[in-house]
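Peer 1: Quick check, what structure comes out for this input:
(one chain, ligands or ions: 1)
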Amino acid sequence: MIGNDAPATTLNRLYRGPHRPSCLFWSRRILVAALFLPALTGFAPQRPVPADSATAVVVARALESPELPAMASGLLDTIGGRLSGTPAGTRAEAWAAGWMRGLGLDTVYYEVVRIPVWRRGTTHLQVVTPATARHRPIAAAALGYAPAIVADSVLVVDVGRGDSARVAALGDRVKGAAWLTDVINPDVLARAVRAGAAALLRITLEPGRLPQARVAPWPDVPAPLPALSVSREDGLWLRRLTAAGPVVMTLRVEAETRPGTVLNVVGEWEGSDPSVADQVFLLGAHLDAWDLGDGAIDNGTGVLSVMAAAGALAGSGLRPRRTVRVVLFAAEELGLRGSREYVKTHAGAMGDVVAMMNLDMVGDPEGYGATGHPEADTLFARLARDTPLRDLALHAEVNHGGGPGSDHQPFLLAGVPTIYVQTSLPPDAPRWYHNAGDTFDKIDLDAVRATAAAAAAAAWALADHPGRPLRTLSPEETAQLIQRLGW
Ligand SMILES: [Zn+2]
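Peer 2: This is a model prediction of the structure:
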């Protein structure tokens, strides 16, 4: 763990990183402070602060978030795709720490996470037979943790959805072949390994000639064979070619997996009540993003919402009873590696987390979710309806569902109450999921501000609550919950 006693070189990264907040930001910050001054003088610094007034200050600050365009530009346009363990991933860690400092959090530190780092090199696929198809470029991308391959004459076979009957029907042809498949999952991958396939070419679902990045669905790294995404159009073209006659291909894929370290970036806004000094409200999002695009929707929206909420809290001039801890997790896209490590490292302190809110791919806020925790319905309903958030028109009904597969998962499995802001993404968002189209122009900063406001209001409500409205679940209760959720 790198804390306040971090080596000077690390601290230099915090203060003098390339993405340090600009002077413009500081002048705006002073302006914002001035705007809030009349409101603040009414109830700061003495406690208790009327809950509605405090929420109003925090919400107004989140809806303003004057530093948001500069933060977004730095994260999405300057850094862009930021797979953990790559140079862009490292730049994003410095960006996060620099902005946490700039937003006024009290303590900013890194926690080291050891992961297998995966680096993508060049990817080149070319049909050699039939010769008439040689000129056509193929848009493809290796899946995370795929190994490299250099092979000059690989037969392409269409295995459809990769089920055992289809594979068996293809007989010996599947051995040594590149399997063109609609589905990639652990079963299909295992079947391909057993049958001696050379590679897997998964046809991307969404149109647009954009291969979709994702991590290879395999428990170990590197993956047992080169698995790639090909764009929908190129995949369907290969399918038509294989239906017409033998298709032979050249595959040249550079990729490397090696041990490495990445960083969870943590910032704290300290609580004011010594009697609950150990308790924290944890606000998290994954910082990493696939390298094909700029990680705007996934997860620039979550990161920026968390940072705007953190800025609203730290810029409010108020202190809740408990500490609000902001964590930008590493390597979510590579298998929730940062959040798993966080929960493992802090296993003994999970009971002190009054709630964990994870924001991953967020749009316009619609309401709150509290997976498996109906005991806080009244609190969230009141928060949704009350004056400070009224303009967001949140519904008062709290969602109790929720899937796995993001950084709340390890926390939920440890019994921590996990909550979220339920949001709606633009209808075309799935088209840009994990592909080159996930860029700044796809997101709406006002939606980020609104989600940040809802998140900051919940953070304030739970961090400043006289009690703990959300229960920590026992292992038995957690087992029942994940069964009910169908995880
Ligand atoms: Zn995500």
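Peer 1: need the next SSE after the host helix or strand of residue 123, C-terminal direction.
Peer 2: If you go by DSSP states H and E, residue 123 is part of strand 107-129. Next helix or strand after strand 107-129 toward the C-terminus (DSSP H and E): strand 140-142.
Peer 1: picking up where we left off before, what's the offset of the strand holding residue 123 from the middle of its chain?
Peer 2: Its chain's average C-alpha position is 16 Å from that of strand 107-129, according to Cα atoms, centre = their mean, to the nearest Å.
Peer 1: what packs against that strand?
Peer 2: helix 87-103, strand 140-142, strand 149-160, strand 227-230, strand 248-269, helix 337-345 (3 or more Cβ pairs under 8 Å, 6 or more residues apart in numbering; DSSP states H and E). For glycine as for every other residue, the C-beta is placed from the backbone atoms N, C-alpha and C.
Peer 1: same thing but at 6 Å, please
Peer 2: If you count contacts as 3 or more Cβ pairs under 6 Å, 6 or more residues apart in numbering; DSSP states H and E, strand 107-129 packs onto helix 87-103, strand 140-142, strand 248-269, helix 337-345.
Peer 1: looking at the ones you listed, which is closest to the ion?
Peer 2: For those, the distance to the ion is smallest for helix 337-345, at 11.4 Å, taking Cβ to the ion.
Peer 1: How far off centre is that closest one?
Peer 2: In terms of Cα atoms, centre = their mean, the gap separating the centre of helix 337-345 from the centre of its chain is 14 Å.
Peer 1: Next, work out how far apart the most centrally placed residue in the chain and residue 72 are.
Peer 2: Central residue of the chain (Cα atoms, centre = their mean): residue 286, 3.5 Å from the mean position. Going from residue 286 to residue 72 by Cβ to Cβ, to the nearest Å gives 16 Å.
Peer 1: can you list the residues of the stretch 251-400 of the chain near the ion?
Peer 2: Near the ion, the residues belonging to the stretch 251-400 of the chain are 298-299, 360 when assessed by Cβ under 5 Å from the ion.
Peer 1: If we use 8 Å, what do you get?
Peer 2: Proximity of the stretch 251-400 of the chain to the ion is confined to 286, 289, 298-299, 302, 332-333, 360-361 under the rule Cβ under 8 Å from the ion.
Peer 1: Out of those residues, which sit inside strands?
Peer 2: Of the positions in those, residue 286 sit in strands, assigned by DSSP state E.
Peer 1: still on that earlier bit, mind checking which of the helices and strands packed on strand 107-129 is nearest residue 157?
Peer 2: Put simply, out of those the one that sits nearest residue 157 is strand 248-269, at 10.9 Å, with distance taken as Cβ to Cβ.
Peer 1: Give the pairing partners of the closest one; include direction for each.
Peer 2: Take DSSP bridges as the rule and strand 248-269 pairs in its sheet with strand 107-129 (antiparallel), strand 149-160 (antiparallel), strand 323-329 (antiparallel).
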